[in-house]
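In: everything below, folded, please.
(2 chains)
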2 protein chains.
Amino acid sequence: MILALAGGVGGAKMATGLAARLRPEELLVVVNTGDDFTHLGLHISPDLDTVMYWLASMNDADRGWGRAGETWNFMAALEGLGQPTWFNLGDRDLATHVVRTAQLKGGTPLSEVTSFLCRRFGIAHRIVPMSDDSVRTFVRTDQGALEFQDYFVRRRCEPRLVGLEFRSAESAHVSAAFAAALADEGLEAVIICPSNPFLSIDPILAIAGVRDQLAHHRAPIVAVSPIVGGRAIKGPLAKILNEKSFESSAVTIATLYADLIDGIVIDDTDIGLTRQIEALGVPVCVTNIVMTDSADRLRLADSVIRFAGSLRVRSHA
Amino acid sequence: MILALAGGVGGAKMATGLAARLRPEELLVVVNTGDDFTHLGLHISPDLDTVMYWLASMNDADRGWGRAGETWNFMAALEGLGQPTWFNLGDRDLATHVVRTAQLKGGTPLSEVTSFLCRRFGIAHRIVPMSDDSVRTFVRTDQGALEFQDYFVRRRCEPRLVGLEFRSAESAHVSAAFAAALADEGLEAVIICPSNPFLSIDPILAIAGVRDQLAHHRAPIVAVSPIVGGRAIKGPLAKILNEKSFESSAVTIATLYADLIDGIVIDDTDIGLTRQIEALGVPVCVTNIVMTDSADRLRLADSVIRFAGSLRVRSHA
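Out: Here you go, the predicted structure:
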């Protein structure tokens, strides 16, 4: 069984590749819910939705987020009512939010709601939230502490990031499936998807006990770099690295994860960084990690699975 | 000032005619909220929405309910999630429900939410719910007691109606504007719109004190018959009259309202019933009451206002 830790689009693409190569019982995708928020009374789980829509092949490939063939008449009416329109809610996507909100209000835990949605979307592989408890990412910026979506969507990550806070992470419990995976001696690998380490992966690692259990797990932990040729494939990672006075480089990713991972997958473009990363004690796999199409996703999934297998053999040797 | 008591489509059409003839401060439309219900976690006020959409000229004229130019992609997605689809929620209409639900949850009374929505929809005249408290219509049928929308929409009024229950009506308070109108000595008329007496008007009259205050008010109370030529203009009224062993006739409407009204407006078709109704002690105005277009609505509004004026002169004489 392989455990994948995922955020939004990068995580969704990686998970889609893995799901194409692994049987449903061989993969568990644990998704960041630090981005979740309540908007207009609706509980919205942006990363869970992105991963679900990708795995169900319902995603809009151009936008990256949301559903294919989406329409925006609800938004137009909402604007007519003078309501905030900075967070886009497609007419079809809205059904997911309304159903999730109603089920949560009825007392169903987020894991169960997610598994219900996955079943209805025809997703065979397991996608679970990192926790059924509320963990909320706040971004400390030069404009004050901002709720995640306020920072990320409304202000387009423009404020300078000073720090991050994952509220209630220390008192939250991991979801049952995540807990089982962390305790599973037979786990073959943990894959940290090419998501933003600060915004998408750190909230998962911040839940009480997670970092510790991963660090002591016998399964190899492999990160896939979200930085290629010094640039973030998507999103504000390069900007954030800069604000934190880090170099925007795969070396930085390896450094950030150094005490946790057993190997990192970087892009062919960055082959020149191999020695520098290996000097940190982190084995490197160099391959094409940019996932433009389905073939890219499959090839990367194969490389990552193979690389993790080689690390396992090494650690057991 | 004229007070109009309204249910759904019949009430909306009458109110639209009155609004075209009266200045905003001259009209208060009090709307039945016994039909309100919570569906998929959303607070839905079908009659308020119908009246608002009509007064804002946003209504779909063919369907009668809902918004013009509506789309149904949310519903399609909802069906994909295996959720109930018997109650139609248009993509644009949904914005009304989401905003209302969020504002109610935030503690804003329904009256204020309604006035906010009216303002945003550009409605100058005042539309208020009968109460800010929850009053819920239950229909006792041969299949048991059913929530109103379950009876009305889901089961298409097919169960045999045995009786009605307006839960919490006795403990509910009328909305502030309704209370003010009931206490207003200067009120010129109360118009009972051509809505279903059992399903739309009785819930309003059932609120503690309403029937009594109306009965003792000096303003003439005029009902417009929802029955023309023995048939209901819209909806299940004829079927319900039959189930209650009443004749489906304007005479029955006059009989039902006899202890409350000072006059009734019936259709030209029913001119032959005039004496029978007058024998009940109810003055009659005969005119064309079928509102097919805007000209019909204006003409009926004029007739009703004039008829109420004549009754006022008579009562003051």
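In: in what helix or strand does A:V30 lie?
Out: A:V30 belongs to strand A:27-31 when assigned by DSSP states H and E.
In: partners of that strand, with directions?
Out: According to DSSP bridges, strand A:27-31 forms sheet pairs with strand A:2-6 (parallel), strand A:126-129 (parallel).
In: other SSEs contacting the following helix or strand past the last one?
Out: Think strand A:126-129. Once strand A:126-129 ends, the next helix or strand along the chain (criterion: DSSP H and E) is strand A:136-141. Judged by 3 or more CB pairs under 8 Å, 6 or more residues apart in numbering or on different chains; DSSP states H and E, the packing partners of strand A:136-141 are strand A:144-147, helix A:148-149, strand A:161-167. To be clear about C-beta, it is placed using only N, CA and C from the backbone, and glycine gets the same treatment.
In: if we use 6 Å, what do you get?
Out: strand A:161-167 (3 or more CB pairs under 6 Å, 6 or more residues apart in numbering or on different chains; DSSP states H and E).
In: how close does A:E278 get to chain B?
Out: Per CB to the nearest CB, to the nearest Å, A:E278 is found 48 Å from chain B.
In: number of nearby residues for that residue?
Out: Using other CB atoms under 10 Å in any protein chain shown, the number of residues around A:E278 comes to 13.
In: any residues of the stretch 1-150 of chain A in contact with chain B? List them.
Out: Within reach of chain B by CB under 6 Å from any CB of the partner chain, the stretch 1-150 of chain A has these residues: A:40-41, A:71, A:73-74, A:77-78, A:81-83, A:91-92, A:94-95, A:98-99, A:101-102, A:105, A:120.
In: return the subset of these lying in helices.
Out: A:N73, A:F74, A:A77, A:L78, A:L94, A:A95, A:V98, A:V99, A:T101, A:A102, A:K105, A:R120 (DSSP state H).
In: so what's the nearest residue to the fifth one once chain neighbours are set aside up against?
Out: Spatial nearest neighbour of A:L94, excluding adjacent residues (CB to CB, 6 or more residues apart in numbering or on different chains): B:F74 at 5.3 Å. Taking CB atoms under 6 Å, 6 or more residues apart in numbering or on different chains as the definition of contact, the neighbours of B:F74 are A:D91, A:L94, A:A95, B:D91, B:L94.
In: just the pLDDT for the fourth one.
Out: Read that as B:D91. What the model reports as pLDDT for B:D91 is 98.
In: which residues touch the biggest helix by length in chain A?
Out: Longest helix in chain A, counting residues (DSSP H): helix A:294-316. Contact with helix A:294-316 is made by A:13, A:16-18, A:20-21, A:189, A:191, A:220, A:222, A:262-263, A:265, A:285, A:287, A:289, A:291, as judged by CB under 6 Å, 6+ apart.
In: among those residues, which lie within helices?
Out: Short answer: these in helices (DSSP H) are A:K13, A:T16, A:G17, A:L18, A:A20, A:R21.
In: residue contacts, A:G263?
Out: Here A:G263 is in contact with A:V222, A:P283, A:F307, A:L311 (CB under 6 Å, 6+ apart).
In: can we see that at 8 Å?
Out: By CB atoms under 8 Å, 6 or more residues apart in numbering or on different chains, A:G263 lies in contact with A:P220, A:I221, A:V222, A:A223, A:V282, A:P283, A:V284, A:C285, A:F307, A:A308, A:L311.
In: can you lay out those residues as JSON lines showing neighbour count and pLDDT?
Out: Formatted as JSON lines, those follow (neighbours: other CB atoms under 10 Å in any protein chain shown; pLDDT from 0 to 100):
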{"residue": "A:P220", "neighbour count": "24", "pLDDT": "97"}
{"residue": "A:I221", "neighbour count": "21", "pLDDT": "98"}
{"residue": "A:V222", "neighbour count": "26", "pLDDT": "98"}
{"residue": "A:A223", "neighbour count": "29", "pLDDT": "98"}
{"residue": "A:V282", "neighbour count": "20", "pLDDT": "97"}
{"residue": "A:P283", "neighbour count": "19", "pLDDT": "98"}
{"residue": "A:V284", "neighbour count": "21", "pLDDT": "98"}
{"residue": "A:C285", "neighbour count": "19", "pLDDT": "98"}
{"residue": "A:F307", "neighbour count": "24", "pLDDT": "98"}
{"residue": "A:A308", "neighbour count": "23", "pLDDT": "97"}
{"residue": "A:L311", "neighbour count": "20", "pLDDT": "94"}
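In: quick check: closest non-adjacent residue to A:F307.
Out: Closest to A:F307 by CB to CB, 6+ apart is A:C285, at 4.0 Å.
In: now the strands: where do they sit in the stretch 151-300 of chain A?
Out: A:161-167, A:189-192, A:221-224, A:227-228, A:231-232, A:263-267, A:284-287 (DSSP state E, counting those that start in this stretch).
In: by mean pLDDT, show me the worst of these.
Out: Looking at the strands of the stretch 151-300 of chain A, the weakest mean confidence is strand A:231-232, a mean of 94.
In: which other helices and strands contact it?
Out: So strand A:231-232, by 3+ CB pairs under 8 Å, 6+ apart, packs with helix A:237-243.
In: on that earlier part again, residues contacting the residue nearest to A:F307?
Out: A:V222, A:G263, A:I264, A:V265, A:I266, A:S303, A:V304, A:F307.
In: again, but for A:V284
Out: A:A254, A:G263, A:I264, A:V265, A:I266, A:T274, A:I277, A:E278.
In: which one of those is nearest B:L164?
Out: A:V265 (68.0 Å; CB to CB).
In: just the angle for the helix or strand bottoming out on mean pLDDT in chain A relative to strand A:27-31, thanks.
Out: For chain A, counting by mean pLDDT, DSSP states H and E, helix A:294-316 ranks last in confidence among helices and strands (a mean of 91). Interaxial angle of helix A:294-316 relative to strand A:27-31 (axes from the mean of the first three to the mean of the last three CA atoms, to 10 degrees): 100 degrees.
In: how about helix A:294-316: buried residues?
Out: A:R297, A:L298, A:L300, A:A301, A:S303, A:V304, A:I305, A:F307, A:A308, A:L311, A:R312 (16 or more other CB atoms under 10 Å in any protein chain shown).
In: again with stretch A:99-112
Out: So for stretch A:99-112, counting by 16+ other CB under 10 Å, buried means A:V99, A:R100, A:T101, A:A102, A:Q103, A:L104, A:T108, A:P109, A:L110, A:S111, A:E112.
In: where in the stretch 51-200 of chain A is pLDDT low?
Out: For the stretch 51-200 of chain A, no stretch has pLDDT under 70.
In: ok so, going back, from the contacts of A:C285, which is closest to A:T33?
Out: When the contacts of A:C285 are compared against A:T33 (criterion: CB to CB), the nearest one is A:V222, at 22.7 Å.
In: is it true that that closest one touches A:I191?
Out: Yes. Here A:V222 reaches A:I191: they are 5.4 Å apart, a contact under CB atoms under 8 Å.
In: related to what we said a few turns ago, give me the buried subset of the contacts of helix A:294-316.
Out: A:13, A:16-18, A:21, A:189, A:191, A:220, A:222, A:262-263, A:265, A:285, A:287, A:289, A:291.
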